[in-house]
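**Student:** coords below, sequence missing:
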C-alpha cells in the first residue's frame, strides 16, 4: 500500500474519506441503472421494431427485450460493430438477429412475394452446429409478410442432403 501511495499524487485516504458513503452511492447508481434498463426493455421504446415483428416475438413467448437485447439493439441497428458477452440463455442470438432483420426491412432489402432481386447475402458464422441451428431458428421466427427472406444453414458432420 505504501508503494502504491508513493507513486500517486493523491493519497487513497484523501479520495475515499468514508468508504460507507461510497458504497451507498454505488448502490444507488446500480438501482437507478436497473430502473433505466427495465424501461428500455419494453417494445414500445423501439419504434424500429414493426408491429408484425412484435406479434411474431409474442407468439414465441417474448413480451419484451432482455437486457442484452435492449443494450445492443440500437448499436446493431445503426450498423455499428459490436462485441457483446452474456450468460447462456440470456438472449444473445436474438440480440443480433432482431436488429439485423429490422434494419434490412427498413432499407427495403426484403421483397415480399417476389424474387430476391437485390441479392443480399449475410453470412453468420458460428463455432458449433447447435449454435448454427439456433441462429437459423431465431431468424426463421422473425419472418413475416413484411420481411420475407431465406435462411440456409450449412454445417459439418452430416450429409448435405439433410441440411
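**Tutor:** That came through, no problem. Here the structure is a predicted model, which is why all the values come from computation and not from measurement. Residues are numbered from 1 along each chain as shown.
**Student:** which stretches of the protein have low pLDDT?
**Tutor:** 1-41, 111-120 (pLDDT under 70).
**Student:** where do the helices sit along it?
**Tutor:** For the chain, applying DSSP state H gives helices covering 2-6, 12-15, 19-41, 51-59, 67-77, 92-106, 129-141.
**Student:** quick one, what contacts the spatially closest residue to residue 156 that is not a sequence neighbour?
**Tutor:** Among residues not flanking residue 156 along the chain, residue 129 sits closest, at 7.2 Å (Cβ to Cβ, 6 or more residues apart in numbering). The C-beta positions use only the backbone N, C-alpha and C, and glycine is treated the same way. Neighbour list for residue 129: 155, 156, 157 [criterion: Cβ atoms under 8 Å, 6 or more residues apart in numbering].
**Student:** Can you flag which of those residues belong to strands?
**Tutor:** Judged by DSSP state E, the contacts of residue 129 include no members of strands.
**Student:** who wins for most neighbours among these?
**Tutor:** Greatest neighbour count in the contacts of residue 129, by other Cβ atoms under 10 Å, goes to residue 155: 15 neighbours.
**Student:** From residue 48, how far off is the residue lying closest to that residue once chain neighbours are set aside?
**Tutor:** Once flanking residues are discounted, residue 155 sits nearest to residue 129: 4.3 Å by Cβ to Cβ, 6+ apart. Distance, residue 129 to residue 48, by Cβ to Cβ, to the nearest Å: 31 Å.
**Student:** Same question for residue 79.
**Tutor:** For residue 79, the distance to residue 48 - Cβ to Cβ - is 12 Å.
**Student:** Please apply the same query to residue 148.
**Tutor:** From residue 148 to residue 48 the distance is 19 Å (Cβ to Cβ).
**Student:** Go through stretch 58-72 and flag the buried ones.
**Tutor:** 62, 64, 65, 66, 67, 68, 69, 70, 71, 72 (16 or more other Cβ atoms under 10 Å).
**Student:** What residue spans form the domains of this structure?
**Tutor:** Domains of the chain are assigned by automatic domain parsing as 1-41, 46-162.
**Student:** Report how far apart the opening and closing residues of the longest one are.
**Tutor:** Pointing back at domain 46-162 there. Domain 46-162 has an end-to-end distance of 38 Å (criterion: Cα to Cα, to the nearest Å).
**Student:** for stretch 46-57, same thing?
**Tutor:** Terminal-residue distance, stretch 46-57 (Cα to Cα): 14 Å.
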